[in-house]
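Asks: From the sequence below, what's the structure:
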Amino acid sequence: MIEQATLWVSTPELCTQLQVSRSSLRRWVHSGLLREGQHWVRMNPCCPRSDQLWQPERCAVQINRQRPHYRR
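Replies: Here you go, the predicted structure:
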């Protein structure tokens, strides 16, 4: 069985794909809905203010669980 490569996208790309705002992403991260390492990672792990990369499929699934009316 061949594993599919995990796609990571930038914050602006994720906002466009999911049709959400950056502030919504920040709110979901701070609330614990989207977790570091599972839904997002830092581009430079040594820098706490580094840009983030997001896994869009995992984020969409998690957001749909929390907000059933959300449709991508």
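
Asks: Please, where are all the helices along this protein?
Replies: Using DSSP state H, the helices of the chain run over 11-18, 22-31, 56-66.

Asks: Which of those helices sits closest to N44?
Replies: helix 11-18 (14.3 Å; C-beta to C-beta). Just so you know, the C-beta spots here come from the backbone N, C-alpha and C atoms, and that holds for glycine as well.

Asks: Need the residues that contact that closest one.
Replies: With contact meaning C-beta atoms under 8 Å, 6 or more residues apart in numbering, helix 11-18 is reached by 9, 20-22, 25, 51-52, 54, 56, 59-60, 63, 72.

Asks: circling back to that earlier point, reformat the helices of the chain into a markdown table and put distance to G37 next to each item.
Replies: Formatted as a markdown table, those follow (distance: least, C-beta to C-beta, whole Å):
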| stretch | distance to G37 |
| --- | --- |
| helix 11-18 | 16 |
| helix 22-31 | 12 |
| helix 56-66 | 11 |
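
Asks: Using JSON lines, lay out those together with distance to W40, mean pLDDT and mean neighbour count.
Replies: Output for those, formatted as JSON lines (distance: least, C-beta to C-beta, whole Å; pLDDT from 0 to 100; neighbours: other C-beta atoms under 10 Å):
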{"stretch": "helix 11-18", "distance to W40": "9", "mean pLDDT": "96", "mean neighbour count": "15"}
{"stretch": "helix 22-31", "distance to W40": "7", "mean pLDDT": "95", "mean neighbour count": "14"}
{"stretch": "helix 56-66", "distance to W40": "8", "mean pLDDT": "91", "mean neighbour count": "15"}
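
Asks: Tell me which of those sits nearest to Q38.
Replies: Q38 lies closest, by C-beta to C-beta, to one member of the helices of the chain: helix 56-66, at 6.5 Å.
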